[in-house]
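A.B. asks: whatever this is, show me its structure:
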Amino acid sequence: MATEDNTDVIVVGAGLAGLVATAELLKAGRRVTIVEQEPAASLGGQAWWSFGGLFLIDSPEQRRLGVHDSLELARQDWFGSAGFDRPEDHWPRLWAEAYLQFAAGEKRAWLHEQGVRWFPIVGWAERGGYTATEHGNSVPRFHITWGTGPGVVAPFAARVAQGVRDGLVTMRHRYRVDELVVEAAEGAGGGHGGGGAASGSAGGTAARGGGARVVGVRGGVLEPSDVGRGVSSSRTVTGEFELRASAVIVTSGGIGGNHELVRENWPKRMGTPPASMLSGVPAHVDGRMLGISAAAGAHLINSDRMWHYTEGITNFDPVWPMHGIRILPGPSSLWLDATGKRLPVPLFPGFDTLGTLEHIVATGHDHTWFVLTQKIIEKEFALSGSEQNPDLTDKNLRLLAKRVGPGAPGPIEAFKEKGVDFVVADDLPTLLAGMQRLSGDAPLDSAQVEKEIRARDREIGHPFTKDLQITAVRGARHYLGDKLIRVASPHELLDPSAGPLIAVKLHIVTRKSLGGIETDLAGRALDASGRPIDGLFAAGEASGFGGGGMHGYRALEGTFLGGCIFSGRQAGRAVAAAL
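C.D. replies: Numbers count the residues shown, from 1 in each chain. Coordinates of the predicted model:
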C-alpha cells in the first residue's frame, strides 16, 4: 500500500466545491492533495455540465431590467420555500441566512474578481404561484453565467492548475476513497479506525467515541481510463493507497446518479418512487462518500429531501447511462398528465418543480406531456446543460443573436427531429395519434386531450380569462427579459399560423440531494450529538450545499452552484485558518 504524508489537507472530490476549497487553501499557502475517482477529463464535476445559473440579489443586471429586489424579499422567498420544520434544521437555517447575506453582498463582486461574467437578461425560475409567504421567487434572480457551467468552473480550475505548477497541489485522479482514517486522540484509547468500506447507504451513522480525529483517507487506485467527460469509467482496482493530512474536506457530491439510493431515500410524503427515471447527472454521482463519512461518525440529515426535475427528455446522443436532459420551459405549454388531464393550478411550466413531482407520482404514472406550437418552442424552450447551449458556453455572439431571431436554437431543433419523445404534426388528429404511439401502458384519453386544448384556446381570444395560466403568461410578458427571449405572445394552440403542433413526452430526471453531512458554519462535520469531528469538513452537495440542507424542502434555482461556491469557500477558509 502506498502511503503519503506530505500534504496539509486532503480534498475528496474535484468538483466545483472541491476546487473552490482548494483555491482558498492555496491563497493561504497550504499544500493540498485532491483525490478523485474519475479521470482528469471530468475535472469540475457536475458544475461543468450545468447551465451556469447563479442566484443573486439586487444585482446590476436586475436593476437594468427594472427588477426591484432586496435581501428582505429574498429571505421571504427562501424561508417560505424551505419550510424548515425539523430539530435538525438548526444549522441549515443558519446556512440559509449566511448564504442570503452572501448573495446580497459580496458574491457578485467576488466572482467578478475571479473573472466570472453574466448574460445581461436575468431568468425567472421557480415562479411559485402561491401566496407571498409560500414557495417561489417573487422576482427574476437566475443569472446565467457567460460561458455557462464551464465559465463558473474555469477560474477555480485555473487557480488549482497554478497550484500544481507551484508544487502546492497534488492531483490524484483515479484514487477512489473507501474509508476515512480515524484515530483516537491521546488518552481516548484505540488505534486506527475508519469503519471499512461503506455500504453505499446515505442513511445512518456509526459515531466514534469522543476524541476521535480524522487523519486521512484509504482506498483503491483504479486502473487508468481515457474515457471522455461524464462517461462511465472502469472500477477495476490495481492497487491501494493511504494518504494522511491535518484535515479532510469531503466534496464528493450527492446521489443523483445512483437510482437505488434515490429510491432508498425517497420522501415518504411523495409516495412510491417512480419505476422509471432518467439520470440528469453522470453515474459517478453515486453517494459513496456519504456512507463512508457516516461510518467515520458524520451525521447525515435530511436524506429524504431531494430535487428531481419533471421535464426530462431522453438524450438521443447520451454520455452516461439513462442520460436525460431537462427542458427549461417558459410558461405557455399546456401540461397534461399521462392520461391527458391538465395539471392543476399552479403547476404550470417553471412554477413549482417539487409540487409538480409530487402530483405526478400521485397519478401512478412516470411521465407527462407538454402540448405546444412551433411559435412556443422557438421562444420558450431551452435545454439545461453547457453542451446544449453552445452560444452561451462558447461565448459565440453570432449564435447568440439567433435566440432573438426566428427559429428555435439548433439543439432544440435537433431534439425535435431526433428525440424519441417528440411528436410533430400539422393537425390535431395526427398529433393525438403520435401521442398514443408513445403513451406506452398509460391510458391516454385522446378525447380529453382535445377537450383541454380547445377549452384553453377559447380563453385566449379576449382580454379576460378565468384560466390562471393565461393570466400568468400575460403577467410574465410585463417583464422585459421574458418578453424579449422567454415568453411567446399568447395565441391559440390550434392556430395554423403558429404551427406545427408539438407534443413532448416528459420523464422524471434525477438531479440533486438537498440533505447531507451536517456541518457548522465553518464546514466542520458534526457527529450525532452535534460535536465537530476533529479533522473532518464537508462542502457542496455532500453537505446539502451547507449545514446538511440549507434549501430545506424546496430550492429557488440558481442556488446549487452558488451553494457549492459558498460552502467550498467557507470550508477552505476555515481549514486554512485552523492549520
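A.B. asks: poorly predicted segments of the protein, please.
C.D. replies: 1-4, 186-210 (pLDDT under 70).
A.B. asks: please repeat the previous calculation with a cut-off of 50.
C.D. replies: For the chain, applying pLDDT under 50 flags the ranges 188-209.
A.B. asks: give me the neighbour count for L16.
C.D. replies: By other C-beta atoms under 10 Å, the residues close to L16 number 31. In short, each C-beta sits where N, CA and C put it, glycine included.
A.B. asks: quick check: bridge partners of the residue nearest the centre of the chain?
C.D. replies: For the chain, K512 is the residue whose C-alpha lies nearest the centre (C-alpha atoms, centre = their mean; 4.9 Å). With DSSP bridges as the criterion, K512 is bridged to W307.
A.B. asks: that one and G254 touch, don't they?
C.D. replies: Yes - under the criterion of C-beta atoms under 8 Å, K512 makes contact with G254 at 6.0 Å.
A.B. asks: shared neighbours, those two?
C.D. replies: Common contacts of K512 and G254, defined by C-beta atoms under 8 Å, 6 or more residues apart in numbering, comprise E541.
A.B. asks: what's the neighbour count on P344?
C.D. replies: 12.
A.B. asks: setting aside sequence neighbours, what's the nearest residue to it?
C.D. replies: Excluding its sequence neighbours, the residue lying closest to P344 (C-beta to C-beta, 6 or more residues apart in numbering) is H359, at 6.9 Å.
A.B. asks: list the buried residues of the one helix or strand that neighbour maps to.
C.D. replies: Assigned by DSSP states H and E, H359 falls within helix 353-363. By neighbour count on 16 or more other C-beta atoms under 10 Å, the buried set for helix 353-363 is T353, L354, G355, T356, L357, E358, H359, I360, V361.
A.B. asks: and if you look at stretch 79-87?
C.D. replies: Going by neighbour count (16+ other C-beta under 10 Å), the buried part of stretch 79-87 is F79, G80, S81, A82, F84.
A.B. asks: from those residues, which single one is nearest F381?
C.D. replies: When the buried residues of stretch 79-87 are ranked by distance to F381 (C-beta to C-beta), S81 comes first, at 25.0 Å.
A.B. asks: what ranges do the helices span in the stretch 251-400 of the chain?
C.D. replies: Secondary structure of the stretch 251-400 of the chain (DSSP state H, counting those that start in this stretch): helices at 259-264, 288-295, 353-363, 374-380, 390-393, 397-401.
A.B. asks: of these, which stretch is the most buried?
C.D. replies: By mean neighbour count, with neighbours taken as mean count of other C-beta atoms under 10 Å, helix 288-295 ranks first of those at a mean of 27.
A.B. asks: number of nearby residues for V164?
C.D. replies: The tally of other residues near V164 (other C-beta under 10 Å) stands at 14.
A.B. asks: so what does whatever helix or strand it lives in touch, helix or strand wise?
C.D. replies: Under the criterion of DSSP H and E, V164 resides in helix 148-165. For helix 148-165, the contact count by 3 or more C-beta pairs under 8 Å, 6 or more residues apart in numbering; DSSP states H and E identifies helix 16-27, helix 45-49, strand 169-173, helix 390-393, helix 560-578 as packing neighbours.
A.B. asks: just the CA coordinates for the helix holding H359, please, in CSV.
C.D. replies: What follows is helix 353-363 as a C-alpha-only set of coordinates in CSV (Å, rounded to 0.1, in the frame of the first residue of the first chain):
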residue,chain,number,x,y,z
THR,A,353,-40.8,21.7,-9.6
LEU,A,354,-41.3,19.5,-6.5
GLY,A,355,-45.0,20.3,-6.3
THR,A,356,-45.3,19.0,-9.8
LEU,A,357,-43.2,16.0,-9.0
GLU,A,358,-45.5,15.1,-6.0
HIS,A,359,-48.6,15.4,-8.2
ILE,A,360,-47.1,13.3,-11.0
VAL,A,361,-46.1,10.5,-8.6
ALA,A,362,-49.6,10.5,-7.1
THR,A,363,-51.1,9.8,-10.6
